[in-house]
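S.K.: this is a predicted model, with the sequence first.
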Amino acid sequence: MDTTARTAPAAELNGRPATAAELAPLAFAGYAHFTAVQVREGRVRGLDLHLDRLRAASVELFGRALPDDTVRDRLRSALQGGPGDLSLTATVFSDPGEFTVAGPGTGLRMLVRTGPAASGPEGPLALAAFEHERFLPEVKHVGEPAKTRLLRRAAEQGFDDAAFLDRRGRFSEASIWNLVFWDGEAVVWPKAAMLAGTTMGIVRRRLDRLGVPQRVREVRPADLPELAGAAVMNSWTPGVAVHRIGAAALPEAPSFLELLHRAYRAEPLTEI
């Protein structure tokens with residue numbers, strides 16, 4: 001079967017091809033949540049984490065969730081006839097939409113989009129630091145103009161991307177990334193309210209199995225000079241090196257980056 005056309009962006013709504021009429025009301029809608037997945041050889045890493053994310057976010061936003069079996073059926077449907085390697089985004093929203101009151105028993109819908117596989121930038125990256133706290137940081141929700149605005153402000157200042165500080169001056173996350181640091185002995189995860197990424201979850205549990213020390217601690221700009229490395233990660237990649245945050249330079253840490261990638265590769269690809 002020729003799957004070349006399927007590498008272009010495609011969308012299914014509730015397990016069938018979405019029409020333009022169905023997609024039009026969603027063009028700028030802002031009350032929904034999603035998860036992003038890199039599919040390799042028709043399989044994914046951390047499927048349980050993606051299902052957990054969608055379930056918990058639906059309960060938070062809508063008071064109910066789609067059954068896991070339904071979610072998996074719709075993911076499988078979107079993958080049928082496509083290439084083995086691709087990017088997938090699954091978005092859950094409710095029938096009433098935003099700026100409306102949803103009554104009991106509100107129906108949930110799921111939009112699954114696929115496109116070309118991605119692996120993220122090569123790096124190393126320079127990050128500008130901005131004070132910003134996301135609303136419902138534990139939910140991967142849509143409609144976040146602040147992240148794009150701060151990314152563009154960072155670029156205007158000569159940086160590659162933006163990192164966020166909470167009101168207490170602690171690093172939390174970056175625009176579309178989790179932050180991770182290396183102190184020379186242990187992997188350091190910042191302590192602050194943030195979205196716990198699925199790649200972050202994969203890496204953390206695999207580092208545990210590899211016996212690699214991990215710490216969760218507050219990290220502030222003043223702490224950066226004492227650290228031995230930094231990186232960002234998301235669904236594209238388990239690690240892109242960061243060589244500067246604000247005015248603070250960070251050392252190259254190739255062994256740290258390799259450790260993150262090795263931990264990620266240790267997670268098996270599983271069938272949806």
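M.R.: Arrived safely. Numbers count the residues shown, from 1 in each chain.
S.K.: helices and strands around the lengthiest helix in the chain, which ones?
M.R.: Longest helix of the chain, by residue count under DSSP state H: helix 47-62. Using 3 or more C-beta pairs under 8 Å, 6 or more residues apart in numbering; DSSP states H and E, the elements in contact with helix 47-62 are strand 33-39, helix 68-79, strand 86-94, helix 198-210. Bear in mind the C-beta positions are built from the backbone N, C-alpha and C, glycine included.
S.K.: can we see that at 10 Å?
M.R.: strand 33-39, helix 68-79, strand 86-94, strand 108-115, helix 198-210 (3 or more C-beta pairs under 10 Å, 6 or more residues apart in numbering; DSSP states H and E).
S.K.: list the buried ones in it?
M.R.: 47, 49, 50, 51, 53, 54, 55, 57, 58, 61, 62 (16 or more other C-beta atoms under 10 Å).
S.K.: so the second one touches residue 270, yeah?
M.R.: By that I understand residue 49. No. Using C-beta atoms under 10 Å, residue 49 makes no contact with residue 270, being 11.1 Å away.
S.K.: one step back: export the buried residues of helix 47-62 as CSV, with columns for distance to residue 133.
M.R.: Shown next, in CSV, are the buried residues of helix 47-62 (distance: C-beta to C-beta, whole Å):
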residue, distance to residue 133
47, 30
49, 24
50, 25
51, 27
53, 20
54, 23
55, 25
57, 18
58, 23
61, 18
62, 23
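S.K.: and of those, the nearest to residue 216?
M.R.: residue 49 (17.8 Å; C-beta to C-beta).
S.K.: quick one: pLDDT of that closest one?
M.R.: Predicted confidence (pLDDT) for residue 49: 98.
S.K.: what's near enough to touch it?
M.R.: Residues near residue 49 by C-beta atoms under 10 Å, 6 or more residues apart in numbering: 35, 37, 196, 197, 198, 199, 200, 201, 202, 205, 267.
S.K.: which intervals of the stretch 1-150 of the chain have sub-threshold pLDDT?
M.R.: Residues of the stretch 1-150 of the chain meeting the criterion pLDDT under 70: 1-8.
S.K.: apply 50 and report the result again.
M.R.: Counting by pLDDT under 50, the stretch 1-150 of the chain shows low-confidence ranges at 1-6.
S.K.: got JSON lines for the contacts of residue 49, with distance to residue 132 and neighbour count too?
M.R.: Formatted as JSON lines, those follow (distance: C-beta to C-beta, whole Å; neighbours: other C-beta atoms under 10 Å):
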{"residue": "35", "distance to residue 132": "22", "neighbour count": "23"}
{"residue": "37", "distance to residue 132": "26", "neighbour count": "23"}
{"residue": "196", "distance to residue 132": "18", "neighbour count": "16"}
{"residue": "197", "distance to residue 132": "17", "neighbour count": "25"}
{"residue": "198", "distance to residue 132": "22", "neighbour count": "26"}
{"residue": "199", "distance to residue 132": "21", "neighbour count": "25"}
{"residue": "200", "distance to residue 132": "19", "neighbour count": "22"}
{"residue": "201", "distance to residue 132": "23", "neighbour count": "18"}
{"residue": "202", "distance to residue 132": "26", "neighbour count": "21"}
{"residue": "205", "distance to residue 132": "28", "neighbour count": "15"}
{"residue": "267", "distance to residue 132": "30", "neighbour count": "19"}
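S.K.: between those residues, which sits nearest residue 222?
M.R.: Distances from residue 222 to the contacts of residue 49, taken by C-beta to C-beta, are shortest for residue 200, at 24.1 Å.
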